[in-house]
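Student: give me the fold of what follows.
(chains A, B, C and D)
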Number of protein chains: 2
Amino acid sequence: MANAQPTKLKILDAAEELFAENGFSETSTRQITKKAEVNLASVNYHFGSKNELIQAVIERYLEVLVPNISKELTDLENNNPNPTLEEVFSVFIRPILSLNQQRKNGTSILLQLLGRSYTDSQRHMRRFFLGNYGDVVTRFVALVYQAQPGLSASEIFWRLHFTLGTVVFTMASSGALMDIARADFDEDIAIEGVVKRLIPFIAAGVSAPR
Amino acid sequence: MANAQPTKLKILDAAEELFAENGFSETSTRQITKKAEVNLASVNYHFGSKNELIQAVIERYLEVLVPNISKELTDLENNNPNPTLEEVFSVFIRPILSLNQQRKNGTSILLQLLGRSYTDSQRHMRRFFLGNYGDVVTRFVALVYQAQPGLSASEIFWRLHFTLGTVVFTMASSGALMDIARADFDEDIAIEGVVKRLIPFIAAGVSAPR
DNA sequence: GTCTATAATAAGATAGAC
DNA sequence: GTCTATCTTATTATAGAC
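Tutor: Modelled structure (predicted):
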């Protein structure tokens, strides 16, 4: 039979696409259940509320992503006493790119969701993220400092936020950007191509002189 | 008397703050008219619809900003045959920072609005912007190319979008970032301080080797 | 131009049969 | 777990008196 997927999963799949494309408040539960081909009431039955559905969509990604990042951090901490900035960033980049193999457009969907949750529902997400995954952030910052000992903690703080902005915003408009690149420069690049262009930009920015 | 400001202006002032802080669709006309202390019906009377109000809020900024940028571009084009990257960027930075003198928090409000309009109402704004102010963009890109002749048109395209993302996202969360900086690093910096930190990051990114 | 009252619509959520 | 029907609330927008 064609439709063996459980309702809960169908909702999550439909919701993440609509959220990433149109934003949280621009997406109604009616749109979600229609796209998922399930009953209107099932969102509230399975998730309690639209807000909890939003949380669930994001957590499904972080549950996979953060342990992977943590493992990469451990590897680097144990096996590389003097990592370069690029090696440190790869700790994030590899797991994020590998989302693309686990789910169609996984990389860009997660980054768009992150961007949306930072601007749309700001406070909740920031606290949730730092609360649940603060350890990973701390260890990452420590490695950046090791790779760029010239920078003060405050400067690393600012520059990592600049980096986050660069990545998140780029991913949020990556569809449009790839379209323009195709039309204007005859370049047909995928998300990996965008990341490849992002890395030198970010690396130079983080290690810039003051 | 205390309240001589015309209704239309009171609406624009209230709307821009709420839009920047909470987003377009998260802000209702009721919130706007309440904050502006005007009648509920006046938004539709003066602007026709909420959508046209959004346009008006953004246009009020661009009408001031773009001529200033254009003038700076002309100056640079005529008087400086070999501008540095930093001189080229200043063409934008100076007019954007000067918004802060014209209106309280003008700089961060405009940049937050820009960010919101890029993600929230995507297509409309992008077309509107390129349609009405495309000339300024073209001339700016030409100057960037002149300052960095090693970069291809496609690379400039990508890196300027990365830059836009960095700036817009930073400004969208600048309030929270300044709070954290104050709490964690005992730094009390204003928007100009944020911009001062942004510039080396961006300049290094744009001029990075491939 | 401003106001009240109200229309028209769409949203999130739930009760209760199956 | 699923479905229909419905409730409640909030929204944008407008009609019509002043």
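Student: going forward, measure contacts and count neighbours with C-alpha atoms only.
Tutor: Fine.
Student: buried ones in the helix ranked longest in chain A?
Tutor: Assignment by DSSP state H gives helix A:50-79 as the longest helix of chain A. Buried residues in helix A:50-79, counted by 16 or more other Cα atoms under 10 Å in any protein chain shown: A:50, A:53-54, A:57-58, A:61-62, A:65-66, A:68-70, A:72-73, A:76-77.
Student: do the same with stretch A:178-195
Tutor: For stretch A:178-195, by 16+ other Cα under 10 Å, it's A:M178, A:A181, A:I191, A:V194, A:V195.
Student: what's the spacing between the last one and B:V137?
Tutor: Spelled out, it's A:V195. Distance, A:V195 to B:V137, using Cα to Cα, to the nearest Å: 24 Å.
Student: ok, now the second one?
Tutor: Separation of A:A181 from B:V137 (Cα to Cα) stands at 16 Å.
Student: swap in the third one?
Tutor: Computed with Cα to Cα, the distance linking A:I191 and B:V137 is 25 Å.
Student: next one: A:F47
Tutor: If you measure A:F47 against B:V137 using Cα to Cα, the figure is 46 Å.
Student: next SSE after the one helix or strand A:I109 maps to?
Tutor: Taking DSSP states H and E as the criterion, A:I109 maps to helix A:106-119. Scanning forward in sequence from helix A:106-119 by DSSP H and E, the next helix or strand is helix A:122-147.
Student: can you point out the buried residues in that next one?
Tutor: A:M125, A:V136, A:F140, A:V141, A:A142, A:L143, A:V144, A:Y145, A:Q146, A:A147.
Student: so which bits of chain A are right by chain B?
Tutor: Within chain A, the positions adjacent to chain B are A:22-23, A:25-26, A:119-120, A:154, A:158-159, A:161-170, A:172-173, A:181, A:185, A:197-198, A:200-206, A:208-210 by Cα under 8 Å from any Cα of the partner chain.
Student: which member of the buried residues of helix A:122-147 is positioned nearest DNA strand C?
Tutor: DNA strand C lies nearest to A:M125 out of the buried residues of helix A:122-147, by Cα to the nearest atom of the strand, at 17.4 Å.
Student: just give the closest residue to A:V206, not the sequence neighbours.
Tutor: For A:V206, ignoring the flanking residues on the chain, the nearest one in space by Cα to Cα, 6 or more residues apart in numbering or on different chains is A:R159 at 5.7 Å.
Student: pLDDT score for that neighbour?
Tutor: On the pLDDT scale, A:R159 is placed at 97.
Student: give me the angle between the host helix or strand of it and helix B:153-172.
Tutor: Using DSSP H and E, A:R159 sits within helix A:153-172. Comparing the axes of helix A:153-172 and helix B:153-172 via axes from the mean of the first three to the mean of the last three Cα atoms, to 10 degrees yields an angle of 120 degrees.
Student: which stretches of chain A have low pLDDT?
Tutor: Along chain A, the model assigns pLDDT under 70 to residues A:1-3, A:120-126.
Student: what's in contact with stretch A:5-12?
Tutor: A:I32, A:T33, A:A36, A:E37, A:V38, A:S42, A:V43, A:H46, A:L53, A:A56, A:V57 (Cα atoms under 8 Å, 6 or more residues apart in numbering or on different chains).
Student: which of these has the most neighbours?
Tutor: Among the contacts of stretch A:5-12, A:I32 has the most neighbours (other Cα atoms under 10 Å in any protein chain shown), with 24 neighbours.
Student: any idea how far DNA strand D is from that residue?
Tutor: A:I32 sits 13 Å away from DNA strand D when distances are taken as Cα to the nearest atom of the strand, to the nearest Å.
Student: re earlier: now the element after the longest helix of chain A, going C-ward?
Tutor: helix A:85-102.
Student: name the residues of that next one that are buried.
Tutor: In helix A:85-102, counting by 16+ other Cα under 10 Å, buried: A:85, A:87-93, A:95-97, A:99-100.
Student: helices and strands around it, which ones?
Tutor: On a contact count with 3 or more Cα pairs under 8 Å, 6 or more residues apart in numbering or on different chains; DSSP states H and E, helix A:85-102 meets helix A:50-79, helix A:106-119, helix A:122-147, helix A:191-206.
Student: contacts only, for the most centrally placed residue in chain A.
Tutor: The centroid of chain A falls nearest to A:L111 when counting by Cα atoms, centre = their mean (3.1 Å). Contact analysis of A:L111 by Cα under 8 Å, 6+ apart lists A:V167, A:V168, A:M171, A:A172.
Student: thought the last one was touching B:T119?
Tutor: Yes - counting by Cα atoms under 8 Å, A:A172 sits close enough to B:T119 to count as a contact (7.0 Å).
Student: residues near the residue of chain A found nearest DNA strand D, how many?
Tutor: Going by Cα to the nearest atom of the strand, DNA strand D is nearest to A:N39 of chain A, at 3.8 Å. A:N39: 13 surrounding residues under other Cα under 10 Å.
Student: excluding its backbone neighbours, what's nearest it?
Tutor: Of all residues not flanking A:N39 in the chain, A:T33 sits nearest, at 6.1 Å (Cα to Cα, 6+ apart).
Student: which residues touch the one you found?
Tutor: The contact partners of A:T33, by Cα under 8 Å, 6+ apart, come to A:I11, A:A14, A:N39, A:L40, A:S42, A:V43.
Student: just curious, which of those residues is nearest to B:G131?
Tutor: When the contacts of A:T33 are ranked by distance to B:G131 (Cα to Cα), A:A14 comes first, at 34.0 Å.
Student: could the C-alpha coordinates of the helix or strand hosting the closest one be exported in PDB?
Tutor: A:A14 is located in helix A:7-22, with elements delineated by DSSP H and E. Coordinates of each C-alpha in helix A:7-22 appear next as PDB, following Å, rounded to 0.1, in the frame of the first residue of the first chain:
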ATOM      1  CA  THR A   7       0.300  10.500  10.800                       C
ATOM      2  CA  LYS A   8       2.700  12.100  13.200                       C
ATOM      3  CA  LEU A   9       5.600  11.800  10.700                       C
ATOM      4  CA  LYS A  10       3.500  13.000   7.800                       C
ATOM      5  CA  ILE A  11       2.600  16.100   9.800                       C
ATOM      6  CA  LEU A  12       6.300  16.800  10.700                       C
ATOM      7  CA  ASP A  13       7.400  16.400   7.100                       C
ATOM      8  CA  ALA A  14       4.700  18.700   5.800                       C
ATOM      9  CA  ALA A  15       5.200  21.200   8.600                       C
ATOM     10  CA  GLU A  16       9.000  21.600   8.200                       C
ATOM     11  CA  GLU A  17       8.700  22.400   4.500                       C
ATOM     12  CA  LEU A  18       5.900  25.000   5.000                       C
ATOM     13  CA  PHE A  19       7.600  26.600   8.000                       C
ATOM     14  CA  ALA A  20      10.900  26.900   6.200                       C
ATOM     15  CA  GLU A  21       9.400  28.300   3.100                       C
ATOM     16  CA  ASN A  22       6.800  30.700   4.600                       C
END
